[in-house]
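Engineer: how does the following fold in three dimensions:
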Amino acid sequence: MSNYSSRTGNPYPDYRETAPMENDGWESTRAQTALATQVMNREDLERSAAQQDIGRAVDNHVRELFVSCAPGEALQQQFEHLRPDFVAVHDLGTRSSRQLLRGIAAACSRPVHKLVLRRQGQGTPLASVDYVDVPLSAQQVLRLYSTDVADTSDAATAHGVARTLLAFSQLGVMMVGSLPAATLNTTLRPWHEEVIRSPWHNRQLLLLPLTNNATLVTQGQEMVRGTAITLRTTPVVTRPADAWNFITGTWNRMRGTAVAPTPHHTAVTTPARAPAAVPPTPARPPASQDTVPMGIDSSAFAPTNMLPLRPMPDVSAKPEPMHDEVLDVYVHQVCELNGVVGCCVFDIGSGLPVASSGSGAPPAELARHGRTLLSAMGSSSRALGLGHTLPDAAITLGSHHLLLRSVDKHSGMALITVLDRTNANLTLARLQIERLDPLLDR
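Structural biologist: Residues are numbered from 1 along each chain as shown. Next comes the predicted model:
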C-alpha cells in the first residue's frame, strides 16, 4: 500500500476516496502485506553502525553483500562509510595469509568469518574474503582480513579487493615469500604506483619475510618513496606465533598501548591471552631457521619453557631521539644557504626531530608543527581527489618563508626550513635545497 497521498496530498483531485468498510474481511491480509518493507528506526541504525560489519549475516560466520559495481569499489564505499579499524594481511610470492588467519583463530578459539560479495539481482558470487576477530582485551577486538580473494577467477577483481583492503587498513602486513631480487622488484613496483595514484589512507606497512632476502629492505623503502607511509621490515618469520607477535607489537605501538611483559613465558604469545602478555618489542626468531616454510599449526602458539625472571630495564618517559650522521651533514649544508634561519628533518609518523641546524624555533617545535602542516595538506589533497603524494610546499608569512619537502632516500622523513624573507630568494632557495639531494646518497 502506498503512503503517497497521506504525505503529499491526493495527486488525483478528481478521484474521491471512500471510507474503508468496517469488517470487510480483508483486515488480516492487510496486516500481513503491510510488512513488505521494513524500516529501521534510529536505534537499530545506530546499533548496526556500531557493529561496523559489512553486509548481512546469512549463515554461521558468513555475511554477504550484494553489489552493483566492482567488488573493490563496493568495499571502498563500505569502508568510507563505516571507517572500521582493521589489519590487512597480503601475500607476495606465497599463499600464507589465510593459513595464518586460521592458525590464529584456532589458537584463540575463534571462528574464521567469510564475507561474500554477490552480483545485485543475480546472486552470483563475485569474490569472498576471510577475516577473524581476535580479542585483545575485554573491550578491544582486532580484526584481521586476508587479501587472498576466493570465489573469483578474475585477476582484476582479486587485485581490486586486495588493494582496497590494504588502502583502508590501519596496518597493512605483506608476507613476502622466496622471491629473487628481480622478481621482488617487479612485484613491488606496481604497489608503488597504487600508493601514489589510488585513494590510499593506510600510513603503516609491515613486511614479514618468510626467507632471507638481502634486498627486501631497500626495495621496500623504494615502494613507499615520496609518501607519508612508515614501512617496517621484520626479521625472518618462521612460525605463526612470530608473525602474531610482530603484528600485535606494531599495532600496540601505533595505538600507544602500554603493554606489560609477562613473567611466565617467553616472547611467543597466544592471541587468546590478554594484551598484557604481548611484549613491547617483537621477539627475533632463530636465525638458523631462515628457510623453514610457514607451517600453520595451533601447537605453534603454545608457550615455550619458562625462563628465569630478570629485572626489567628502566623505561625513559621520553622516547630517544633518532640520529643520522648523513642527515646531520645535510641540514648543516642547508643552513649554509643564503637567508636560511634554521631547518629540521623530522619523522612524519612520530613528529620527532631527527637532525636540525640553525637558530630560531626549537627542533621539537619545528618538527611538531611541520607534521601538523603536512597532515592538513595531505588530508585536503585526499578530500579533493588530488592524490596522496607527500606535499612539497612553500608558505610565505609576514617576515619569513617556510619550505616543506620530503627527504630523498629517507622514506617517512620530511624537511622544514625557515628563511628570512628580507634576505632569501624563495625560488632560488628551493632550487639550491634540491641540489643538495646527492648528499643523501652517502
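Engineer: who are the packing partners of the strand or helix carrying Glu222?
Structural biologist: Using DSSP states H and E, Glu222 maps to helix 216-223. Contacts defined by 3 or more CB pairs under 8 Å, 6 or more residues apart in numbering; DSSP states H and E place helix 216-223 against helix 181-197, strand 204-209, strand 230-233. Just so you know, the C-beta spots here come from the backbone N, C-alpha and C atoms, and that holds for glycine as well.
Engineer: just put these in JSON lines and tack on mean pLDDT.
Structural biologist: Putting the helices and strands packed on helix 216-223 into JSON lines (pLDDT from 0 to 100) gives the following:
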{"stretch": "helix 181-197", "mean pLDDT": "87"}
{"stretch": "strand 204-209", "mean pLDDT": "93"}
{"stretch": "strand 230-233", "mean pLDDT": "91"}
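Engineer: any chance of the ones you listed in TSV, with distance to Lys114 and mean neighbour count too?
Structural biologist: Output for the helices and strands packed on helix 216-223, formatted as TSV (distance: least, CB to CB, whole Å; neighbours: other CB atoms under 10 Å):
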stretch	distance to Lys114	mean neighbour count
helix 181-197	25	15
strand 204-209	23	23
strand 230-233	30	18
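Engineer: make JSON lines out of the ones you listed and add distance to His159.
Structural biologist: Formatted as JSON lines, the helices and strands packed on helix 216-223 follow (distance: least, CB to CB, whole Å):
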{"stretch": "helix 181-197", "distance to His159": "9"}
{"stretch": "strand 204-209", "distance to His159": "17"}
{"stretch": "strand 230-233", "distance to His159": "20"}
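Engineer: right, and these - which one's nearest Gln140?
Structural biologist: strand 204-209 (17.5 Å; CB to CB).
Engineer: pLDDT score for Pro240?
Structural biologist: The score at Pro240 is 87. That number is its pLDDT.
Engineer: isn't it up against Leu101?
Structural biologist: No: using CB atoms under 8 Å, Pro240 is not in contact with Leu101, being 9.7 Å away.
Engineer: rewinding a little: which other residues reach the helix holding Glu222?
Structural biologist: 176, 181, 184-185, 188-189, 191-192, 195, 205, 207, 209, 231, 233, 411 (CB atoms under 8 Å, 6 or more residues apart in numbering).
Engineer: got it, and stretch 175-193?
Structural biologist: Here stretch 175-193 makes contact (CB under 8 Å, 6+ apart) with 89-94, 96-97, 100, 207-211, 213-216, 219-220, 222-225, 237, 243, 291, 294.
Engineer: kindly report the same for stretch 383-396.
Structural biologist: Stretch 383-396 is contacted by residues 195-200, 226-228, 348, 373-374, 377-378, 381-382, 401-406, 414, 421, 426, 430 when judged by CB under 8 Å, 6+ apart.
Engineer: so which helix or strand takes in Gly342?
Structural biologist: strand 340-347.
Engineer: same check, this time on Thr248
Structural biologist: Per DSSP H and E, Thr248 falls inside helix 240-255.
Engineer: can you dump the C-alpha coordinates of that helix into PDB?
Structural biologist: Output of helix 240-255 as PDB, limited to C-alpha atoms (Å, rounded to 0.1, in the frame of the first residue of the first chain):
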ATOM      1  CA  PRO A 240      52.800 -18.100  13.200                       C
ATOM      2  CA  ALA A 241      53.500 -17.000  16.700                       C
ATOM      3  CA  ASP A 242      56.400 -14.900  15.500                       C
ATOM      4  CA  ALA A 243      54.100 -13.300  12.900                       C
ATOM      5  CA  TRP A 244      51.400 -12.600  15.500                       C
ATOM      6  CA  ASN A 245      54.000 -11.000  17.900                       C
ATOM      7  CA  PHE A 246      55.200  -8.700  15.200                       C
ATOM      8  CA  ILE A 247      51.700  -7.700  14.200                       C
ATOM      9  CA  THR A 248      50.500  -7.000  17.700                       C
ATOM     10  CA  GLY A 249      53.700  -5.300  18.600                       C
ATOM     11  CA  THR A 250      53.300  -2.900  15.700                       C
ATOM     12  CA  TRP A 251      49.600  -2.400  16.400                       C
ATOM     13  CA  ASN A 252      50.300  -1.600  20.100                       C
ATOM     14  CA  ARG A 253      53.000   1.000  19.200                       C
ATOM     15  CA  MET A 254      50.600   2.600  16.700                       C
ATOM     16  CA  ARG A 255      47.800   2.800  19.300                       C
END
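Engineer: pLDDT value on the nearest residue to Gln432 once chain neighbours are set aside, please?
Structural biologist: Counting by CB to CB, 6 or more residues apart in numbering, Gln432 lies nearest to Leu337, which is 5.2 Å off, once chain neighbours are set aside. Predicted confidence (pLDDT) at Leu337: the value is 91.
Engineer: element containing Leu337?
Structural biologist: Here Leu337 is assigned to no helix or strand, by DSSP H and E.
Engineer: quick one: contacts for it?
Structural biologist: Applying CB under 8 Å, 6+ apart, the residues near Leu337 are Ala424, Ala429, Gln432, Ile433.
Engineer: tell me which of those fall in helices.
Structural biologist: The members of those that map onto helices under DSSP state H are Ala429, Gln432, Ile433.
Engineer: what would these look like in CSV with neighbour count?
Structural biologist: Shown next, in CSV, are these (neighbours: other CB atoms under 10 Å):
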residue, neighbour count
Ala429, 20
Gln432, 16
Ile433, 19
